[in-house]
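Undergrad: Just a sequence and a predicted model for now, questions to come.
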Amino acid sequence: MFQQVTPCLWFDGQAEDAARFYVSLFPDSRIERVMRSPAETPSGPAGSVLTVEFTLSGTRFVGLNGGPEFPFTEAVSFQIACADQAEVDRYGDALSEGGTEGPCGWLKDRWGLSWQVVPTRLHELLTDADPERARRAMEAMLTMHRLDIAELERAADAETPQ
């Protein structure tokens, strides 16, 4: 399958380490190719890793060792749809190690790349036909760092006192 648009992630010399870590976490993932620089560049000497082509869950990426000029920001993030709490916890634990957890299921990994670890159940709750259930689930989500499916469901099911 041909992928016309491929995200390129700019790293400061750690593209290969990051790619190897990411492919270890996601199914249907692999390193496709590591390209070494044929000449000295501002980001490294000749022979150093320039790019790493890798696939995560069937989506191709390129990691570029571009240097320190352009760090990651939350303006770009990757959302991980999780089937259950075990997946939420597994991805949350692995990706936040050496990084930081933020509000509403967001986190930054050790390279500063932002991820959203989101249970598919959250989408179901937020689009519930009952707007009050959806509101209660949203309000609960806004108080959390790592998303807790059982707590989101309890909040959605709670009756608002009249």
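TA: Thanks, I have it.
Undergrad: just the helices in this structure please.
TA: Counting by DSSP state H, the chain has helices at residues 15-25, 85-96, 120-126, 131-141, 149-157.
Undergrad: pLDDT averaged over the first one, what's the number?
TA: The reference is to helix 15-25. Averaging pLDDT along helix 15-25 yields 98.
Undergrad: Please renumber the chain so that the first residue is 57 from this point on.
TA: Done: numbering now begins at 57, and the last item shifts to helix 71-81.
Undergrad: so how far is residue 100 from the residue nearest the centre of the chain?
TA: What sits nearest the mean C-alpha location of the chain, by CA atoms, centre = their mean, is residue 171, with 2.7 Å. Going from residue 171 to residue 100 by CB to CB, to the nearest Å gives 26 Å. To be clear about C-beta, it is placed using only N, CA and C from the backbone, and glycine gets the same treatment.
Undergrad: again with residue 179
TA: 42 Å.
Undergrad: next one: residue 149
TA: From residue 149 to residue 100 the distance is 32 Å (CB to CB).
Undergrad: Tabulate the helices of the chain (CSV), appending distance to residue 93 and mean neighbour count.
TA: Listed next are these as CSV, based on distance: least, CB to CB, whole Å; neighbours: other CB atoms under 10 Å:
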stretch, distance to residue 93, mean neighbour count
helix 71-81, 12, 19
helix 141-152, 28, 17
helix 176-182, 41, 16
helix 187-197, 44, 16
helix 205-213, 45, 16
